[in-house]
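>>> here's my sequence, what's the structure:
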Amino acid sequence: MTDDLAKRHCKPCEGGVEPLRLGQTKELLRALHDDWVLSQDGLEISRRFSFPAYSRTLGFANAVAWIAITEGHHPVLTVSYGSCDVSYTTHAIDGLSDNDFICAAKIDRLVAGGRTD
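Next up, the predicted model:
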């Protein structure tokens, strides 16, 4: 299912739709790498990516930024020397949307060495 999500593209979300329900969120979360976690309030998914050098961390952060720009859906990135934390939520609906999971799947594919388009 990760491949199915990674092949999809984000749709603009300006509000007016309901956030995903917990059951939908848990179903989509199962399609992602096991390291993605759901926040306690159910409004965000996040994952930490570790790297052996700062240059690799920055390279990854730039690749994630490219996905964000291409998809028009932007995560919170926290860049440290050997890690980058990626968090997704859809602010316009105060919760999670399909877009969050589509982008997370694209990042999973990126890390696995596959195409993100």
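
>>> average pLDDT for the longest helix seen in the chain?
For the chain, the helix that runs over the most residues, judged by DSSP state H, is helix 54-71. For helix 54-71, mean pLDDT rounds to 97.

>>> which strand or helix spans the most centrally placed residue in the chain?
For the chain, the residue sitting closest to the mean C-alpha position, by Cα atoms, centre = their mean, is Ala104 at 2.8 Å. Using DSSP states H and E, Ala104 sits in helix 98-111.

>>> which positions in that helix come out as buried?
Buried positions in helix 98-111, judged by neighbour count with 16 or more other Cβ atoms under 10 Å: 98-110. Yep, even glycine has a C-beta here, placed from its N, CA and C like the rest.

>>> could you dump it to PDB, C-alpha only?
C-alpha atoms of helix 98-111 as PDB (Å, rounded to 0.1, in the frame of the first residue of the first chain):
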ATOM      1  CA  ASP A  98      -4.600  11.900   2.900                       C
ATOM      2  CA  ASN A  99      -1.900  14.500   1.900                       C
ATOM      3  CA  ASP A 100       0.100  13.800   5.100                       C
ATOM      4  CA  PHE A 101       0.200  10.100   4.300                       C
ATOM      5  CA  ILE A 102       1.000  10.600   0.600                       C
ATOM      6  CA  CYS A 103       4.000  12.700   1.500                       C
ATOM      7  CA  ALA A 104       5.200  10.300   4.200                       C
ATOM      8  CA  ALA A 105       5.000   7.400   1.700                       C
ATOM      9  CA  LYS A 106       7.000   9.400  -0.800                       C
ATOM     10  CA  ILE A 107       9.700  10.000   1.900                       C
ATOM     11  CA  ASP A 108       9.600   6.200   2.700                       C
ATOM     12  CA  ARG A 109      10.200   5.500  -1.000                       C
ATOM     13  CA  LEU A 110      13.000   8.100  -1.100                       C
ATOM     14  CA  VAL A 111      14.800   6.500   1.800                       C
END
